[in-house]
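Visitor: With the input below, show me the fold.
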Amino acid sequence: MSIDIQQIKHRFGIIGNSPLLDHAIRTAVQVAPTDMSVLVIGESGVGKESFPKIIHQNSVRKHGPYIAVNCGAIPEGTIDSELFGHLKGSFTGAITDRKGYFQEASGGTIFLDEVGELPLATQARLLRVLETGEFIPVGASQTQKTDVRIVAATNVNLHEAVERGLFREDLLFRLNTVPIEVPPLRSRAKDIPLLFRLFASMSAERYNMPSLRLTPEATELLEAYRWPGNIRELRNFTDRISVLEEERLVTAEMVRKYLPKTPSADYHPALRASAATAGEGSSFANEREILYQILFDMKKDMAEMKSLVAGIMRGEVKIPSTSAHGEYTPGELHPSLTAAVLPREEGFSSVPTIAEDYTHTEEITDTPERHVGPHHPRAEELEYEEQPLSLEDIERNVIIAALARHDGRRRPAAEDLKISERTLYRKIKEYGLDAE
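Guide: Residues are numbered from 1 along each chain as shown. Next comes the predicted model:
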């Protein structure tokens with residue numbers, strides 16, 4: 001099949017002669033006559049929105065509807081209604097029946113931009129549409145059919161999102177039937193002067209002023225810059241110079257003046273946060289998850305400590321004897337106790353060591369009368385069994401402790417807990433604390 005790449009570029013306003021760009025356009029034209037799902041991959045600002053249009057206009061569906069949906073711009077609570085429609089009365093504000101985008105786009109193409117931002121529940125619905133062409137509107141009980149071609153785009157690494165549990169692997173396989181990777185601007189440096197001239201002429205026409213021109217040195221600086229915002233950043237850069245500079249010949253000094261001093265790292269925008277915390281272990285979605293993690297860690301530490309004490313009292317854990325100098329060596333300590341010993345450094349001379357506080361441990365351990373064995377009458381009292389605590393139990397205990405600290409006064413207790421008085425009153429009633 002003969003493909004006129006230059007004609008495609010002229011028709012859809014694509015500027016550049018990079019082989020990587022030509023390959024992406026050729027792939028889009030080749031896959032257009034089929035009904036395969038296509039996943040357009042690329043950083044923010046590279047022009048991914050042009051490729052679904054190329055696919056649609058070169059397909060048998062070109063006379064059908066074309067609908068572009070920005071999944072990241074739709075609130076999570078309404079995205080199912082937007083995509084699949086809803087029935088009257090299915091939720092507050094649903095005063096009439098409404099068709100979703102998949103029903104409206106039947107017979108055509110739907111472009112799902114930022115598909116990586118879809119909630120997991122919506123991803124399951126989308127997977128069913130891809131597999132069977134069926135969906136259920138919100139509030140309905142009967143399935144509906146749609147005949148739509150799906151083209152998705154993302155600026156995040158979906159394979160990493162799958163590993164982090166943020167994206168369904170089976171959905172990725174269905175969307176990624178034919179991947180098209182749009183190259184970033186730094187990979188097509190020779191196209192930067194062409195794009196600059198285009199944006200400069202557009203700014204000159206819009207603001208009725210002469211167009212900008214580049215010196216060779218300025219061109220070299222623009223080609224060497226990484227352009228983390230890609231084409232969008234280059235256009236903003238050109239508009240800024242067009243308006244703020246009176247001189248129409250752009251020199252290297254002007255370029256240095258308007259380019260950032262420290263260019264951003266080579267990450268997709270949605271992955272920069274995760275890359276910054278990659279070495280810190282698990283990341284937290286919000287403060288509540290942090291609080292839950294702290295509480296669970298405290299519970300685990302208390303359980304280990306209680307188990308250790310119970311083991312000591314039953315004689316299952318041997319307490320080391322003191323040395324001639326009255327102090328323990330680090331190797332003699334139980335692993336769970338080693339971390340509790342403070343080093344004798346400057347500023348800690350007044351802190352007693354374990355040996356100074358427990359010099360009688362050898363006597364207790366070696367005295368038969370004081371030893372509690374596993375068959376001692378008190379052994380059952382010393383048995384420790386961890387009782388699991390639910391999040392509700394933990395929250396109830398925290399509220400009780402806060403009320404106790406403030407002698408039952410609810411306002412300072414609420415301020416201590418960082419919640420409103422109304423929330424505290426509701427929790428007190430919910431847990432039955434007002435009767436205590």
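
Visitor: show me where this structure has strands.
Guide: 38-41, 66-70, 109-113, 134-135, 144-145, 149-154, 178-181, 213-214, 249-250 (DSSP state E).

Visitor: Any idea which of those gets closest to Gln103?
Guide: Closest approach to Gln103 among the strands of the chain (CB to CB): strand 144-145, 6.7 Å. Any C-beta I mention is one placed from the backbone N, CA and C, and that applies to glycine too.

Visitor: Tabulate the CA atom coordinates of stretch 164-176 in CSV.
Guide: Extracted in CSV, the C-alpha atoms of stretch 164-176 (Å, rounded to 0.1, in the frame of the first residue of the first chain):
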residue,chain,number,x,y,z
ARG,A,164,1.5,-0.7,41.1
GLY,A,165,-2.1,-2.0,40.8
LEU,A,166,-3.4,1.1,39.1
PHE,A,167,-4.3,-0.4,35.8
ARG,A,168,-5.7,-3.7,34.7
GLU,A,169,-3.3,-5.9,32.9
ASP,A,170,-6.0,-7.6,30.7
LEU,A,171,-7.3,-4.2,29.6
LEU,A,172,-3.7,-3.1,28.7
PHE,A,173,-3.4,-6.2,26.4
ARG,A,174,-6.7,-5.4,24.7
LEU,A,175,-5.9,-1.7,24.2
ASN,A,176,-2.3,-2.3,23.1
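
Visitor: how far out from the middle of the chain is the biggest helix by length in the chain?
Guide: Longest helix in the chain by number of residues (criterion: DSSP state H): helix 287-314. Remark: helix 287-314 is offset 29 Å from the chain centroid, using CA atoms, centre = their mean, to the nearest Å.

Visitor: buried ones in it?
Guide: Neighbour counts using 16 or more other CB atoms under 10 Å place Leu295, Ser307, Leu308, Ala310, Gly311, Ile312, Met313, Arg314 of helix 287-314 among the buried residues.

Visitor: swap in stretch 175-189?
Guide: Leu175, Val178, Ile180, Val182, Pro183, Pro184, Leu185, Arg186, Arg188, Ala189.

Visitor: Tell me who's in contact with Met209.
Guide: Taking CB atoms under 8 Å, 6 or more residues apart in numbering as the criterion, Met209 is in contact with Ser203, Ser242.

Visitor: measure it to Glu245 for me?
Guide: As judged by CB to CB, to the nearest Å, Met209 and Glu245 stand 10 Å apart.

Visitor: Repeat that for Phe111.
Guide: Distance, Phe111 to Glu245, using CB to CB: 38 Å.

Visitor: More neighbours: which of these two?
Guide: More neighbours surround Phe111 than the other of Phe111 and Glu245, with 26 against 15 (other CB atoms under 10 Å).

Visitor: Let's have the buried residues of stretch 175-189 in JSON lines, adding pLDDT.
Guide: JSON lines is the format used below for the buried residues of stretch 175-189 (pLDDT from 0 to 100):
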{"residue": "Leu175", "pLDDT": "95"}
{"residue": "Val178", "pLDDT": "96"}
{"residue": "Ile180", "pLDDT": "97"}
{"residue": "Val182", "pLDDT": "96"}
{"residue": "Pro183", "pLDDT": "96"}
{"residue": "Pro184", "pLDDT": "96"}
{"residue": "Leu185", "pLDDT": "96"}
{"residue": "Arg186", "pLDDT": "94"}
{"residue": "Arg188", "pLDDT": "95"}
{"residue": "Ala189", "pLDDT": "94"}
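
Visitor: now the end-to-end length of stretch 35-51.
Guide: Start-to-end span of stretch 35-51 (CA to CA, to the nearest Å) is 15 Å.

Visitor: Let's test this: mean pLDDT of that stretch, rounded?
Guide: The average pLDDT within stretch 35-51 is 95.

Visitor: for that stretch, which positions count as buried?
Guide: Using 16+ other CB under 10 Å as the test for burial, stretch 35-51 gives 37-48, 50-51.

Visitor: do stretch 53-70 as well
Guide: Buried positions in stretch 53-70, judged by neighbour count with 16+ other CB under 10 Å: Lys53, Ile54, Ile55, His56, Gln57, Asn58, Ser59, Arg61, Gly64, Tyr66, Ala68, Val69.

Visitor: Max pairwise distance over the residues you listed: which two?
Guide: Asn58 and Val69 (20.8 Å).

Visitor: now the helices for the stretch 101-250 of the chain?
Guide: Secondary structure of the stretch 101-250 of the chain by DSSP state H, counting those that start in this stretch: the helices cover 101-104, 120-132, 158-163, 169-175, 192-207, 216-224, 230-244.

Visitor: For the last one, buried residues please.
Guide: Read it as helix 230-244. The neighbour-count check on helix 230-244 (16+ other CB under 10 Å) flags Asn230, Ile231, Glu233, Leu234, Arg235, Phe237, Thr238, Asp239, Ile241, Ser242 as buried.

Visitor: for the shortest one, same thing?
Guide: Residues of helix 101-104 classed as buried under the neighbour-count rule (16+ other CB under 10 Å) are Tyr101, Phe102, Gln103, Glu104.

Visitor: And the second one, by the same measure?
Guide: Along helix 120-132, the positions that meet the burial threshold by neighbour count (16+ other CB under 10 Å) are Thr122, Gln123, Arg125, Leu126, Leu127, Val129, Leu130.

Visitor: circling back: next, format the buried residues of stretch 53-70 as CSV and append distance to Val31.
Guide: CSV is the format used below for the buried residues of stretch 53-70 (distance: CB to CB, whole Å):
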residue, distance to Val31
Lys53, 14
Ile54, 10
Ile55, 7
His56, 12
Gln57, 13
Asn58, 9
Ser59, 9
Arg61, 13
Gly64, 17
Tyr66, 16
Ala68, 18
Val69, 20
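
Visitor: And the pLDDT for Lys299?
Guide: 82.

Visitor: Tell me the spacing between it and Lys306.
Guide: 11 Å.

Visitor: repeat for Arg168
Guide: 41 Å.

Visitor: try Phe12
Guide: According to CB to CB, Phe12 and Lys306 sit 69 Å apart.

Visitor: same question, Val31
Guide: Per CB to CB, Val31 is found 63 Å from Lys306.

Visitor: same deal with Phe135?
Guide: For Phe135, the distance to Lys306 equals 53 Å [CB to CB].

Visitor: before we move on, what about Glu415?
Guide: Applying CB to CB, the value for Glu415 to Lys306 is 32 Å.

Visitor: what's the answer for Gly432, then?
Guide: Gly432 is 28 Å from Lys306, by CB to CB.

Visitor: can you check Thr154 too?
Guide: To Lys306, Thr154 is 48 Å away according to CB to CB.

Visitor: what does Ile110 give?
Guide: 58 Å.
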